[in-house]
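Asks: Okay, sequence plus prediction incoming.
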Amino acid sequence: MKLRGIGLAVLVCLAAIPASANSWSGFLVDSSCYEAEERSVNPNYTFNHAYRDTGLEIQICTPSAKTKSFSLVEHGGFGFRLDPVGNARAAEIVQKAGKKRLVEVTVTGEMSKHAIEVGSISLAK
């Protein structure tokens, strides 16, 4: 009986802890362009990451006002797709930024299997 009471107390305490949001910073890119650039590395290279010029990939894939699908590329070169809500918010930021070459942002949210479920996105300071 005591064990059930302790187990119930633990469950109540765990339920009270809010889910913590993660935060990522990096550059917004056109996701289809960036994924194509990622695939263009010679498959014979053993260490593909070492042979990539992430800075050039980010510049080539800078989003435009017509971009519909975005990815966030961290400073270490890892890219993450944004969910539909994140894509809509990223499109607004790109339009506000104008013809700025690179759009650096901070994203908070949760990582799902295939994309970041965006809670908020803002221009990096």
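Replies: Perfect, I can see it now.
Asks: Tell me the secondary structure at residue 90.
Replies: For residue 90, the assignment made with DSSP: H, G, I helix; E, B strand; the rest coil gives helix.
Asks: Which pLDDT value goes with it?
Replies: pLDDT recorded at residue 90 is 96.
Asks: cool, and residue 99?
Replies: pLDDT, the model's per-residue confidence, is 78 for residue 99.
Asks: host element of residue 67?
Replies: Residue 67 is located outside every helix and strand, with elements delineated by DSSP states H and E.
Asks: and residue 24, what is it in contact with?
Replies: 72, 74, 80, 106-108, 116 (C-beta atoms under 8 Å, 6 or more residues apart in numbering). All C-beta atoms are positioned from the backbone trio N, CA, C, and that covers glycine.
Asks: Name the secondary structure element that contains residue 85.
Replies: Using DSSP H and E, residue 85 falls in helix 84-97.
Asks: For that helix, name the packing helices and strands.
Replies: When contacts are defined as 3 or more C-beta pairs under 8 Å, 6 or more residues apart in numbering; DSSP states H and E, helix 84-97 packs onto strand 22-30, strand 70-74, strand 104-111, strand 116-123.
Asks: still on that earlier bit, could I get the contacts of residue 24 as JSON lines with pLDDT, neighbour count and distance to residue 36?
Replies: Formatted as JSON lines, those follow (pLDDT from 0 to 100; neighbours: other C-beta atoms under 10 Å; distance: C-beta to C-beta, whole Å):
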{"residue": "72", "pLDDT": "97", "neighbour count": "27", "distance to residue 36": "17"}
{"residue": "74", "pLDDT": "93", "neighbour count": "14", "distance to residue 36": "19"}
{"residue": "80", "pLDDT": "95", "neighbour count": "19", "distance to residue 36": "16"}
{"residue": "106", "pLDDT": "96", "neighbour count": "15", "distance to residue 36": "26"}
{"residue": "107", "pLDDT": "97", "neighbour count": "26", "distance to residue 36": "22"}
{"residue": "108", "pLDDT": "96", "neighbour count": "15", "distance to residue 36": "28"}
{"residue": "116", "pLDDT": "95", "neighbour count": "22", "distance to residue 36": "20"}
